[in-house]
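# this one's sequence-less:
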Ligand SMILES: Cc1cc2nc3c(=O)[nH]c(=O)nc-3n(C[C@H](O)[C@H](O)[C@H](O)COP(=O)(O)OP(=O)(O)OC[C@H]3O[C@@H](n4cnc5c(N)ncnc54)[C@H](O)[C@@H]3O)c2cc1C
């Protein structure tokens, strides 16, 4: 097996790395996916998105006719990996904008929807949130209750979404609603595009356990959304949603974050003293780091396997779930071991000299906890591996 990247892919990676060096402030230690939407940092996030859009990099794998560069999925994955490894904010136009709202609209949107929404995503001007989860529907998403009732040329939407990342900074919501209550649950769902400025929509931010404002509750109180904002056919939204979820997978984000955290731990160990001895000479610490390096390599291979399958037009199912479980859990393990290696000072954050690496390992440790919940919990992924992958019965 030949796992090497092509010369063109290697060249593209070097180009991205050079650009990052030039465009990130010196000493930048990174930011994680959810932290980038916190009001304290969001101006930087927005500026970075505009710069990336100007390079045409926000929509690398989109076809040229829609403002993309027609590059391969592998090149897009390389881009995402480099951006996440270096903690660059603003790479996805909210949650979903570039990764699944745009690509799904390219497949199923009307001409009008494509004209209205694709250019402002590609130019870094329109931010998106994703409205799937509700207080009573997460893993069992098809049970969602937010209701859309047809009234002339509008739907009237009433209900509540929760955990919507970036909703407090978003212009539009990629929204799953129930349009029929009389049929089996999967068959009564529709996907609509909701302008977040529409009267009746209220967003209430939730502070996450890392202290950042990242996800939100969204309340819909008799909100009028034009029927022209329906994506695909009414009541066939579950199938559109399934396609959008497929665009969400690869696991490269987890792999990039783990690799970064591991590089920080290694850097710390290389310079730290443990009593009279250098920490780097401690066999237990060296073994631990070597062990983490193996796990991170596996994680990266799993992620590129998913990207490779997508690039060949195959639908990764078992492979995507394996990448998700291993990726998210490895990210947690690496950050947790980092906390142990740094010792008690690992809990100090901010600009003080007492905070090792300005608290970046702590930030990773806290934010990585949510990765085994977001985008399908580890239990649900294991169910998929057991049933679709190993052929075990569903019930
Ligand atoms: C950081 C973060 C960002 C998020 N961003 C968004 C977003 O932008 N938009 C959005 O719509 N949602 C978002 N979510 C929500 C996320 O998709 C849900 O939290 C997730 O799907 C789990 O749903 P739940 O929280 O309702 O938990 P539940 O589904 O209630 O699950 C509770 C527990 O039961 C377990 N469980 C449930 N069913 C089964 C089963 N059949 N077999 C075995 N175990 C089971 C779960 O694994 C879990 O441990 C985000 C979540 C996080 C943490």
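Sure, I can see it. Given the structure is predicted, the values throughout are model-derived calculations rather than measurements. Residues are numbered from 1 along each chain as shown.
# From now on I want contacts and neighbour counts done on CA atoms only, so please keep to that.
Noted.
# Contact distance from the ligand - what residues of the stretch 51-200 of the chain qualify?
Residues of the stretch 51-200 of the chain found near the ligand (Cα under 6 Å from any ligand atom) are 95, 129-133, 137-139, 163-165.
# 5 Å instead?
130-133, 138-139, 163-165 (Cα under 5 Å from any ligand atom).
# Among the residues you listed, which are located in strands?
130-131, 163-165 (DSSP state E).
# Okay, now the unreliable bits of the chain?
Applying pLDDT under 70 to the chain flags the ranges 1.
# residues near residue 225, how many?
Residues near residue 225, counting by other Cα atoms under 10 Å, number 22.
# got it, and residue 4?
Residues near residue 4, counting by other Cα under 10 Å: 8.
# looking at it, residue 56 is touching residue 119, isn't it?
No: Residue 56 is beyond contact range of residue 119, at 11.4 Å (criterion: Cα atoms under 8 Å).
# Next, show the common contact partners of these two.
Jointly contacting residue 56 and residue 119 under the rule Cα atoms under 8 Å, 6 or more residues apart in numbering are residue 67.
# Kindly report the domain assignment for this protein.
Per automatic domain parsing, the structural domains of the chain span 7-122, 128-236, 249-389.
# Longest helix in this protein, please.
Identified as the longest helix of the chain according to DSSP state H is helix 283-311.
# Point out the other helices and strands that that helix packs with.
Counting contacts by 3 or more Cα pairs under 8 Å, 6 or more residues apart in numbering; DSSP states H and E, helix 283-311 packs against helix 73-85, helix 252-271, helix 318-342.
# any chance of these in JSON lines, plus mean neighbour count?
Converted to JSON lines, these look like this (neighbours: other Cα atoms under 10 Å):
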{"stretch": "helix 73-85", "mean neighbour count": "21"}
{"stretch": "helix 252-271", "mean neighbour count": "22"}
{"stretch": "helix 318-342", "mean neighbour count": "23"}
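# on that earlier part again, turn the domains of the chain into a markdown table, columns for distance to residue 395.
Formatted as a markdown table, the domains of the chain follow (distance: least, Cα to Cα, whole Å):
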| stretch | distance to residue 395 |
| --- | --- |
| domain 7-122 | 31 |
| domain 128-236 | 14 |
| domain 249-389 | 9 |
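# closest to residue 243 out of these?
Evaluated with Cα to Cα, the domains of the chain place domain 7-122 nearest to residue 243, the distance being 7.1 Å.
# so what's residue 354 up against?
345, 348.
# pretty sure it belongs to a strand, no?
No: going by DSSP: H, G, I helix; E, B strand; the rest coil, the assignment for residue 354 is coil, not a strand.
# For it, give its distance to the ligand.
Computed as Cα to the nearest ligand atom, to the nearest Å, the residue 354 to the ligand distance reads 28 Å.
# May I ask which helix or strand encompasses the residue in the stretch 201-350 of the chain positioned nearest to the ligand?
Residue of the stretch 201-350 of the chain nearest the ligand, by Cα to the nearest ligand atom: residue 215 (6.3 Å). Per DSSP states H and E: residue 215 is located in strand 213-226.
# Residue 33 now?
Counting by DSSP H and E, residue 33 is found in no helix or strand.
# Look up how far the ligand lies from it.
9 Å.
# Which residue is the nearest non-sequential neighbour of that residue?
residue 89 (7.3 Å; Cα to Cα, 6 or more residues apart in numbering).
# you'd agree that neighbour is in a helix?
No: read with three-state DSSP, residue 89 is coil and lies in no helix.
# start at 21 instead
Yes, from this point I'll number from 21; that puts the last item at residue 109.
# Would you check that it makes contact with residue 51?
Yes: counting by Cα under 8 Å, residue 109 touches residue 51, with 6.7 Å between them.
# okay, now residue 220: neighbour count?
When neighbours are counted by other Cα under 10 Å, residue 220 comes out with 14.
# again with residue 369
Residue 369, neighbours per other Cα under 10 Å, totals 18.
# Equivalent analysis for the one 10 residues further on, please.
Neighbourhood size, residue 379 [other Cα under 10 Å]: 21.
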